[in-house]
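>>> Below is the sequence, then the predicted model.
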Amino acid sequence: MNELLQFAGHYWWLVFPLFGMTMGAIGTVNKQRELSARRRHREQLELLRAQSGGAPASAPAPIAAAAADPTADELARVEARHDDVTHRWLEYELDVSKLISYPAMSDGRQPLTAAFLRAKKVADNLRPTRGETPTLERLTQYRDAVTDYEVAFELAERDARRVKAAAFTPEERKRLETAQQLLGVAVDQAATPNERQVAYRRVRQELDGLIWLSDEAVENLEKKVARELPRPASGTPPEPAV
């Protein structure tokens, strides 16, 4: 014991490097344990993904191989929902008769209509381009945006059908009624071309300053107005002149 104490007294300076070596060894062991734990955790995640039919954690999962039903079929379903809402909206945008009946659907000043138009823009911007394979995160964002788009349209449509022309003055509502009646003449195949054209011009005059018509709606209406009158069937004798 005395010899050990004498040795320690003469070589006390060895304590510091020995302490450093000991702490370094402890740090190395702890680091190895941490790396081992991380590796086991990663292996467990990869095993869970493999059991679910998913992709390894190390690679960004494409839509066709991700776990939570992010398949090409899922993307097609979301796109179909997106197209369905857009088609329902275009029925208002392109049909002047519907716009006259429910003018709020084309009025961006209405809060619910404005919210719908914003939701439409978000969904359109998040929609993958043709042939693009989005990541799981991108598909989730797109799916959520389409859901918001659907809800926003339902609210805007319900409100537009409820209020109808309530935002207009009695005089303006009378002009809308007149425009709706004239519109029936403008697209009536039993009317003469001249009657259709006169009615069409009156419709545009009555709606001026009340409802904004898109270029597509005007073009669609003009095609109906310019439609040829039905010709008599072959062999049918002409009507006698009066």
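Received it, and whenever you're ready, just let me know what you need.

>>> Tell me how the protein divides into domains.
Split into domains by automatic domain parsing, the chain comes to 69-163, 170-225.

>>> could these go into TSV alongside mean neighbour count?
No exception for glycine: its C-beta is placed from N, CA and C like everyone else's. TSV is the format used below for the domains of the chain (neighbours: other Cβ atoms under 10 Å):
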stretch	mean neighbour count
domain 69-163	17
domain 170-225	15
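
>>> Rebuild those domains as CSV, extending it with mean pLDDT.
Shown next, in CSV, are these (pLDDT from 0 to 100):
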stretch, mean pLDDT
domain 69-163, 93
domain 170-225, 94
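
>>> do you know how far residue 103 is from residue 159?
Taking Cβ to Cβ, to the nearest Å as the measure, residue 103 falls 12 Å from residue 159.

>>> what helices or strands is the strand or helix carrying residue 125 leaning on?
Following DSSP states H and E, the helix or strand that holds residue 125 is helix 111-126. Counting contacts by 3 or more Cβ pairs under 8 Å, 6 or more residues apart in numbering; DSSP states H and E, helix 111-126 packs against helix 72-93, helix 136-163.

>>> Of those, which is nearest residue 206?
With Cβ to Cβ as the criterion, residue 206 lies closest to helix 72-93 of the helices and strands packed on helix 111-126, at 18.6 Å.

>>> and the next element down the chain from the closest one?
Sequence order places helix 96-101 as the next helix or strand after helix 72-93, per DSSP H and E.

>>> which stretch of helix or strand covers the nearest residue to residue 175 once chain neighbours are set aside?
In space, and not counting its chain neighbours, residue 175 is closest to residue 206: 4.7 Å by Cβ to Cβ, 6 or more residues apart in numbering. Following DSSP H and E, one finds residue 206 within helix 193-207.

>>> which helices and strands sit right next to that helix?
Packing contacts for helix 193-207, counted by 3+ Cβ pairs under 8 Å, 6+ apart, involve helix 96-101, helix 170-186, helix 215-225.

>>> Residues in contact with the shortest one: which ones?
The one in question is helix 96-101. Contact with helix 96-101 is made by 91-93, 105-106, 164, 176, 179-180, 183, 203, 207, 211, 213, 217, 220-221, as judged by Cβ atoms under 8 Å, 6 or more residues apart in numbering.
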